[in-house]
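J.: make a model of this:
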Amino acid sequence: MILKISLVKRYIYSFILFISALAGLQGTCKYSLKDVSIPPEIKTVRVLYIENKARYINPQLSPKLTDKLRQKVINQTRLSQINGDADYEISGYVSDYSVSTSGISRQQVASNNLNVSVHISFKNKLDDKKNFEADITRNFPFSATKSLTQAESELNDLMVTGLTDEIFNRIFSNW
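T.: Sure thing, here's the model as predicted:
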């Protein structure tokens, strides 16, 4: 009986220790990107439509990617979105949208990658030295038992979010 109580206490203490450690990690890992690298004189941004120039065109990708990037910039910075001459201008196009084999099992394709690349152009109207162009590439694995259409429907949100985050971080973070 005493052994049972001791064992129960040990489990309770372990659980409390685990929860405390988890709570401590959450409290110390908070990090915000809001206005991280935006000089105070920068007030406006213009996010142009991200065209799809890839050989294969996913008709949902460009509009969703453009909208998600606009929303992220507006929600996570103090910049105002305008349609005219802005302090920052972001433009780009989908340069690659292709499928490649990523895994083979028993001499058959087991998994594929959906490869997506976006070419981004960033212009800082107040400091030309900060202008740049960059290629953002992400690979999204999917089972070879699925068709491309099935994989796209499952991966669309993940693709848009992942690409948007990388584009945003490339522009607004100094890492």
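J.: residue contacts, Lys125?
T.: Neighbouring residues of Lys125 by C-beta atoms under 8 Å, 6 or more residues apart in numbering: 85-89. In this view, the C-beta of every residue, glycine as well, is placed from N, C-alpha and C.
J.: and Asn131, by the same measure?
T.: Asn131 makes contacts with 122-124, as judged by C-beta under 8 Å, 6+ apart.
J.: which residues of the chain score low on pLDDT?
T.: 1-37, 103-109, 174-175 (pLDDT under 70).
J.: any idea how it splits into domains?
T.: 1-30, 34-172 (automatic domain parsing).
J.: which of these sits most buried?
T.: Here the criterion is mean neighbour count by mean count of other C-beta atoms under 10 Å, and of the domains of the chain the winner is domain 34-172, at a mean of 16.
J.: ok, back up a step: what's the farthest-apart pair in the contacts of Lys125?
T.: Greatest spatial distance in the contacts of Lys125: Asp85 and Tyr88, 10.9 Å, computed using C-beta to C-beta.
J.: name the residues contacting each of the two.
T.: With C-beta under 8 Å, 6+ apart as the test, Asp85 and Tyr88 both reach 46, 125.
J.: hey, where'd the strands end up in the protein?
T.: 44-47, 51-52, 80-81, 88-105, 108-124, 132-143 (DSSP state E).
J.: export the contacts of Asn131 to a markdown table and tack on distance to Ala151?
T.: Below are the contacts of Asn131 laid out as a markdown table (distance: C-beta to C-beta, whole Å):
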| residue | distance to Ala151 |
| --- | --- |
| Phe122 | 30 |
| Lys123 | 35 |
| Asn124 | 37 |
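J.: what sits closest to Arg46 if chain neighbours are left out?
T.: Ala86 (3.8 Å; C-beta to C-beta, 6 or more residues apart in numbering).
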